[in-house]
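A.B. asks: Need coordinates for the following:
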Amino acid sequence: MESSNWVLKHASILLVFFLSLGCSTSETLTRSLLDFVVTNTTVLHSNFTLVSEFRMINRRILKDCSASNPFVKVNVTSNSSLSDDEFVTVTVTGVSNPSVSDWVAMISPSTSDVKTCILNEAFYLQTGDTAKLPLLCHYPVKAQYMKNDPNYLSCKKKECKTFQNGKCAVSTCSGSLQFHVVNIRSDIEFVFFSGGFVEPCLVGRSTPVSFANPKRPLYGHLSSIDSTGTSMRLTWVSGDKEPQQIQYGNGKTVASAVTTFSQDDMCSSALPSPAKDFGWHDPGYIHSALMTGLKPSSTFSYRYGSGWVGWSEQIKFSTPPAGGSDELRFIAFGDMGKTPLDASEEHYIQPGALSVIKAIANDVNSNNVNSVFHIGDISYATGFLAEWDYFLHLINPVASRISYMTAIGNHERDYIDSGSVYVTPDSGGECGVPYETYFPMPTSAKDKPWYSIEQGSVHFTVISTEHDWSENSEQYEWVQKDMASVNRQKTPWLIFMGHRPMYTTNHGFLPSENKFMEAVEPLLLENKVDLVLFGHVHNYERTCSLFQNECKAMPAKDKNGVDTYDGRNYSAPVHAVIGMAGFTLDKFSSNVKSWSLKRISEFGYLRAHATRNDLNLEKRTEKKKKQTSHLNNEQTTGQNQKKYNSNQL
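C.D. replies: Below is the predicted model:
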C-alpha cells in the first residue's frame, strides 16, 4: 500500500525544485539544503524500499579497516565453483575484536565497486542517504551479521597469531555463516565489514567464486497462450544467448526465441532509480518457446536446454482444461515475493512467501490444481534485479508443472513520468520491463498487460490497474468489448482480476482508487461478473454481492457454516481481496463496513473449484503451532445464475 498521492507528489515537487537550483558537483548543494531535501523524500523512498539500515546501505560512508585487521581472511567452502542451488559456508578468521556490528555481504558481480562512487551526493538522493563521500556504491545481493554464528562473539574458535616467550601474545577469533546461493550467472564475492550497516568499514574480501555453469538453462515456468489447452509457453533463463530447445511429448522439439533487457531499458528520473543504478544486475538471456499439439487436461513431460549448455531435468507438466469444458481447479493470490532460505538480510523480504509456495506445491503434487493466477506484486525485486532469479527459483516447483498466469502490479510497473496511473516509484525503475520479459502473457502488445483466457467453465478477464482504465481509454474499451463477448453458455462463470482493489477496509486505501471503481465497476454489473479478485492489500477480505458500496444480496449459511451465494437471480459481483501470499500482513481497520463479511489477516491463497453449476472457493491459511503446520479453510460457494443445482466441496 502507498501513502496518499498528494504526499508523494509534494515530495517529488520538492526534489525537482531543489535540483533545479543546480547540482553538477557535490559542493553545489549545501549540507543543510541536502538534508532538507532528503527529509522531504522519506515517504517517497520508504514506499519502494522501506527504510531500514540495510536497505539504505548503498552510498554509505565507506572506510578502510583492513590495515587494523592484518590477520583477517574470508574463505568460502566452494572455492572452485558453485552449483546452481547450494548453501555455501563463509568463514571469517583472524578477527582481533569480534563485534555485534561485524557483517558479511554477498556481492555480485565480484568486480563491483564497493569503494568509490560518482562524486555527486545529490545524484543519489533517492536512496534516502545523506552520507558524505566516499560511499558504498553497489548494493549487496544479501548480507548477514557475524553474530548469527553463536560462537563468534564468545570467541570459542580462538587462534594464536603471535607468540612471545612461549606464550600467546596475539590471538584472533573466527566465525562462519551459511549463505543460500542460486545461479545468477556472474561471479560472487563475500566481503567482510565492521561498523554495521550504518558505518561500514571494509576489512577483507574473499576470492571471487564462479558458477560451474553460468550458461545453465534454469527457472523454467509455464503459461497458457490461449483457451484451447493445446499449447503451452515455457520461459527460462540462461547465460547463453544462442537459441536452445524444448524436447517434449513423444520426440517433439522446438527452438527458443531469445531476448534480454539492459540498464538503458530501465526507467529513471532526476534521481537515478535502483534499476538504472546501484540495484542493476545483468539478467542474462530469457528464452521462450511454444509447445504445441498438446491435449487439454493431459500430462506430458519436457526438458529444456541444449547439448552445449546442458539440459534441465525431465519434468512432468499438465495442461489446463479447454475453455468450455466443465471442471476447473485453480489457485489465485497476490503479493507473494520471496523469502530467503538463509538468515540473510535482503533489500525486501516477504516473510510468508516460502510457506505459501510450499503449500501450493503440495496441492500441485496432489494433482488438485490445473492453473495458478498470481495477480500482481510478483517478485518485489523493485529494481534490485538479482532478486528476480531468487523468485523464479522459489516458484519453480509450481510454475514448471502447471500454467502460471500473472497480472501486473504497482511493484512491477509504477514509476515517475513513466505513464503509470499512480505516480509512485514502486517498481524501483523497472517499469514493467523485467516482468513482461520473464512472464510473457497472451497480451496484444508490450506495455499493454491486459488479456483474457478461458479455462474449463470460467472466462478470466485480467487487467492492469496501473495502466489507464478511465472511460474511453484503450484498456477500458478492451475490457468492455471482452466481457460483452463472453458466451455464458460456453463459460457460465465470469471472473474479473487485477491488482488494486475497489473495496477494502484497510485504512491506507488511496482515494484515487475510488476513480477506478467509478470507471470500471459499472462494467462489472452490466456484464454480470460473478467474482472479482484483487490483491495489493496484504490480507483476505470477502464482501456480499456488492455494487456502489451497497449490498445487493447476502449469502446464506448452510449447515456447515459455508456461505452460499445464490446466483440464479443475479444481483452484483462478490469481491475478494487475496493479497496475503507473502508480504507482511496488513491489519484491518476498526471501522468495519457493512459489505465486509469476512476478514482474515493470515498468509495463504485462494483455491477454487468451478463446474458449470457451482463455483466453490476456499481461502487456505497456514497457522503454525509449536513448529507444526495445519491449514484452516474459509469457504464460499456461488451457484451460477443459469443453473439450479448445488454441489459443494
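A.B. asks: Compute the mean per-residue pLDDT across stretch 392-406, please.
C.D. replies: Across stretch 392-406, pLDDT averages out at 98.
A.B. asks: Need the per-residue pLDDT for S26.
C.D. replies: pLDDT, S26: 28.
A.B. asks: what's the answer for the one 3 residues further on, then?
C.D. replies: pLDDT for L29: 33.
A.B. asks: So what does A519 have for phi and psi?
C.D. replies: Per-residue torsions, A519: phi -80, psi -40 (degrees, to the nearest 10).
A.B. asks: wait, doesn't it sit right on N472?
C.D. replies: No - using Cβ atoms under 8 Å, A519 is not in contact with N472; the gap is 9.6 Å. C-beta coordinates here come from the backbone N, C-alpha and C atoms, glycine included.
A.B. asks: between the two, which one's more packed in?
C.D. replies: Using other Cβ atoms under 10 Å as the criterion, A519 and N472 rank with A519 on top: 17 against 9.
A.B. asks: can you pull the contacts of the more buried one?
C.D. replies: Residues counted as contacts of A519 (Cβ atoms under 8 Å, 6 or more residues apart in numbering) are W469, S470, E471, Y476.
A.B. asks: Tell me how many other residues surround the first one.
C.D. replies: Pointing back at W469 there. W469, neighbours per other Cβ under 10 Å, totals 23.
A.B. asks: Also the second one?
C.D. replies: The local packing of S470 (other Cβ under 10 Å) involves 13 other residues.
A.B. asks: Spatially nearest residue to it, not counting backbone neighbours?
C.D. replies: A519 (5.3 Å; Cβ to Cβ, 6 or more residues apart in numbering).
A.B. asks: In terms of helices and strands, where is the spatially most central residue of the chain?
C.D. replies: Against the mean C-alpha coordinate of the chain, by Cα atoms, centre = their mean, the closest residue is S379 at 1.4 Å. Using DSSP states H and E, S379 sits within no helix or strand.
A.B. asks: For the residue nearest to it when sequence neighbours are not counted, what is the enclosing helix or strand?
C.D. replies: Once flanking residues are discounted, S379 sits nearest to F391: 3.6 Å by Cβ to Cβ, 6+ apart. Taking DSSP H and E as the definition, one finds F391 inside helix 386-399.
A.B. asks: Can you name the secondary structure element that comes next after that helix?
C.D. replies: Next along from helix 386-399, by DSSP H and E: strand 403-407.
A.B. asks: just the CA coordinates of the next helix or strand along the chain from that following strand, formatted as PDB?
C.D. replies: Next helix or strand after strand 403-407 toward the C-terminus (DSSP H and E): helix 410-413. Taking Å, rounded to 0.1, in the frame of the first residue of the first chain, the C-alpha atoms of helix 410-413 are listed here in PDB:
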ATOM      1  CA  ASN A 410       2.400  -1.500  -8.800                       C
ATOM      2  CA  HIS A 411       5.800  -3.000  -7.800                       C
ATOM      3  CA  GLU A 412       6.300  -4.200 -11.400                       C
ATOM      4  CA  ARG A 413       5.100  -1.100 -13.200                       C
END
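A.B. asks: Which strands or helices does helix 410-413 pack on?
C.D. replies: Helix 410-413 is packed against helix 433-438, with contacts defined by 3 or more Cβ pairs under 8 Å, 6 or more residues apart in numbering; DSSP states H and E.
A.B. asks: And the helix it packs on, what does it pack against?
C.D. replies: With contacts defined as 3+ Cβ pairs under 8 Å, 6+ apart, the packing partners of helix 433-438 are helix 386-399, helix 410-413.
A.B. asks: Please work out which of the ones you listed is packed deepest.
C.D. replies: Greatest average neighbour count among these goes to helix 410-413 (a mean of 29), per mean count of other Cβ atoms under 10 Å.
A.B. asks: who's sitting farthest from the centroid in this structure?
C.D. replies: Quick read of the chain (Cα atoms, centre = their mean): farthest out is N165, 60.0 Å.
A.B. asks: relative to helix 386-399, how tilted is the biggest strand by length in the chain?
C.D. replies: Longest strand in the chain by number of residues (criterion: DSSP state E): strand 167-182. Interaxial angle of strand 167-182 relative to helix 386-399 (axes from the mean of the first three to the mean of the last three Cα atoms, to 10 degrees): 60 degrees.
A.B. asks: Could you give the average pLDDT over the next helix or strand after strand 167-182?
C.D. replies: Moving toward the C-terminus from strand 167-182, the next helix or strand (DSSP H and E) is strand 189-194. If you average the pLDDT over strand 189-194, you get 94.
A.B. asks: Stretch 103-112 now?
C.D. replies: The model assigns stretch 103-112 a mean pLDDT of 87.
A.B. asks: so how far is that stretch from its chain's centroid?
C.D. replies: 22 Å (Cα atoms, centre = their mean, to the nearest Å).
A.B. asks: which parts of it are buried?
C.D. replies: W103, V104, A105, M106, I107, S108, P109, S110, S112 (16 or more other Cβ atoms under 10 Å).
A.B. asks: got it, and stretch 290-300?
C.D. replies: For stretch 290-300, using 16+ other Cβ under 10 Å, the buried residues are M291, L294, P296, S297, F300.
A.B. asks: Distance-wise, check the fourth one relative to P320.
C.D. replies: It stands for S297. 7 Å (Cβ to Cβ, to the nearest Å).
A.B. asks: intersection of neighbour lists for those two?
C.D. replies: G229, N370.
A.B. asks: Which residue ranges of the stretch 351-500 of the chain form strands?
C.D. replies: 371-375, 403-407, 451-455, 458-462, 493-497 (DSSP state E, counting those that start in this stretch).
A.B. asks: Export those to TSV and append columns for mean neighbour count.
C.D. replies: Shown next, in TSV, are the strands of the stretch 351-500 of the chain (neighbours: other Cβ atoms under 10 Å):
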stretch	mean neighbour count
strand 371-375	26
strand 403-407	25
strand 451-455	24
strand 458-462	25
strand 493-497	24
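A.B. asks: mind checking which of those strands is nearest K215?
C.D. replies: Minimum separation from K215 across the strands of the stretch 351-500 of the chain (Cβ to Cβ) falls at strand 403-407, 24.0 Å.
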